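In: Sequence below, structure please.
(one chain, ligands or ions: 2)
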Amino acid sequence: MVKNIQAIRGMKDYLPSDIIIWQFIEEKLRQVLSSYGYNEIRLPIVEYTSLFNKAIGNITDIVEKEMYTFKDNNGESITLRPEGTAGCVRAGIEHGFLYNQQQRLWYIGPMFRYERPQKGRYRQFYQIGVESFGWQGPDIDAELIILSYRCWKVLGITEYVKLEVNSIGSLEVRNSYRRSLINFLEHHKDVLDDDCIRRMYTNPLRILDSKNPTIQKLLNYALPLSNFLDKKSHAHFDNLCTLLKNNGIKYKVNERLVRGLDYYNDTVFEWVTNNLGSQGTICGGGRYDGLVKQMGGHPTPAIGFAIGLDRLVLLLKTINKTFQPKNIIDGYIIASGKSVQCAAIQLAEKLRDSDPTVKIITNFGSNLKKQFARANKCGARIALILGEHEVQTDQVIIKDMRTGNQQILAQSEITKILQILLQ
Ligand code: ATP
Ligand code: MG
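Out: Ligands and ions are numbered 1, 2, ... in the order given. I've put the predicted structure just below:
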């Protein structure tokens, strides 16, 4: 027997029953973003591999083991984007929209990471990313976090998510903290797990967010990163915390929050939920003041975040919200008799001409009984029935599928028919 071809592991189909939730979320979030003056940008899904190596950092999980990298026909190494910030910065430098300017941008689309697939973790997943360029102060940090909070507010999930914030200071601060942390870890090598040993000299800061409880206990005895912060970073962070407090945003300072990418500095934050098991982070972001310069642009302060849409959908489903749209279909045209098909299509077109929002399905083929069953199945409230007689007399039978009530109208009474369909 021929084995059916299946989707690639970790890459899933998003079926129409789920798309209802996706569209609901996307529409709400687009509204929020535009209410803060953010503009959409569309970026390629593939970029040169060197872009990600340079932007994300060679010793991060993403670059070390999660990238989908191929050679194209020309022998160039290209990579399916694992995140959106690098491409956005690349575009900004390429088109000159960052130099001496301020930009509020957002994007939506698939990202690719070669990870072990599990609930809330896929190899193709979707993010909405938000990036602002050109503002130095903690006010934009606060605005972005408040914006993210508004996203949860419009989706009705504020009680299920919690904000964690931290400051990881400048690169110099992290370098001196790195030395202190390595020194501490070297004295406790016996309790470290393989993952920690692997990261100890390459990316020791990532050990701070190890999921291993023994490691977390051990870290209680290590000096916290905040002891190393300079005055400027402290002031920035204190200012941000005050802005959040004064705007009624509850947060927890998590001194171990470092984030997985190299380009961050000062503010980092995550929104986490307890409702999704270990894949609990639904949104993460931070400041990346050095990245534009590092990528060859003019020094430009920047901050951004990304929402993991797959996890957001899972969260909405878990907390048992019902997303049945009011009306999938307004009217289902049932046509009996071959010669009637043309009239059926014409009636549907006339209705759509008069009101582009009306949702009509025209039946093709099958007998009357089947047509009624199909009308029911797609949730149509009204059936519009056309037979030879109705076509000859320019009439249509309108049947309410719930009550069974029927009336006959002239096909030319489009406004009246629409009124019934859309009531
Ligand atoms: P994690 O620690 O869960 O791997 P991350 O720090 O790698 O997350 P980011 O790079 O900050 O994730 O991406 C932002 C958001 O995108 C995450 O908070 C998460 O909601 C989502 N995300 C990241 N990787 C995946 C994935 N493989 N599948 C589904 N969603 C993901
Ligand atoms: Mg990850």
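In: near ligand 1, which residues of the chain?
Out: 83, 113, 115, 120-122, 125, 127, 260, 279, 281-284, 306, 308, 310-311 (Cβ under 6 Å from any ligand atom). Every C-beta, even on glycine, is put in place using the N, C-alpha and C of the backbone.
In: if we go to 8 Å?
Out: By the rule Cβ under 8 Å from any ligand atom, the part of the chain lying against ligand 1 is 10, 61-62, 66, 82-83, 111, 113, 115, 120-123, 125-127, 209, 259-261, 270-271, 279-285, 305-312.
In: Buried ones from these, can you make that a ChimeraX selection?
Out: Selection of the buried residues among the residues of the chain next to ligand 1 in ChimeraX, burial being defined by 16 or more other Cβ atoms under 10 Å:
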select :10,61,62,66,82,83,111,113,115,120,121,122,123,125,126,127,209,259,260,261,270,271,279,280,281,282,283,284,285,305,306,307,308,309,310,311,312
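In: Relative to residue 315, how far out is residue 25?
Out: 10 Å (Cβ to Cβ, to the nearest Å).
In: err, residue 216, not the other one
Out: 25 Å.
In: Among the residues of the chain next to ligand 1, name the ones in strands.
Out: 111, 125-127, 270-271, 281-285, 305-308 (DSSP state E).
In: In whichever strand or helix holds residue 105, which residues are buried?
Out: Taking DSSP states H and E as the criterion, residue 105 maps to strand 103-112. Along strand 103-112, these residues count as buried under the neighbour rule (16+ other Cβ under 10 Å): 103-109, 111-112.
In: re the thing from before, just the closest of the ones in strands among the residues of the chain next to ligand 1 to residue 15, please.
Out: residue 126 (14.5 Å; Cβ to Cβ).
In: got a list of what that closest one touches?
Out: Listed by Cβ atoms under 8 Å, 6 or more residues apart in numbering, the contact set of residue 126 reads 108-111, 308-310.
In: Residue 132 looks like it's in a helix, true?
Out: No - with DSSP: H, G, I helix; E, B strand; the rest coil as the criterion, residue 132 is strand rather than part of a helix.
In: so where's this protein shaky on pLDDT?
Out: Residues of the chain that meet the criterion pLDDT under 70 lie in 321-327.
In: Where does the closest residue to residue 230 other than its chain neighbours sit: helix, strand or coil?
Out: Here the nearest residue to residue 230 in space, its sequence neighbours aside, is residue 173; by Cβ to Cβ, 6 or more residues apart in numbering that works out to 6.1 Å. Secondary structure, three-state DSSP: residue 173 is helix.
In: Against ligand 1, how distant is residue 173?
Out: 21 Å (Cβ to the nearest ligand atom, to the nearest Å).
In: measure that residue to residue 89 for me?
Out: Taking Cβ to Cβ, one finds residue 173 at 23 Å from residue 89.
In: of the two, who's got more company?
Out: More crowded of residue 173 and residue 89, by other Cβ atoms under 10 Å: residue 89, with 26 against 21.
In: Could I get the full set of strands for the stretch 101-250 of the chain?
Out: Using DSSP state E, counting those that start in this stretch, the strands of the stretch 101-250 of the chain run over 103-112, 124-133, 162-167.
In: now the second one against strand 103-112, angle please.
Out: Regarding strand 124-133 and strand 103-112, their directions subtend 160 degrees when assessed with axes from the mean of the first three to the mean of the last three Cα atoms, to 10 degrees.
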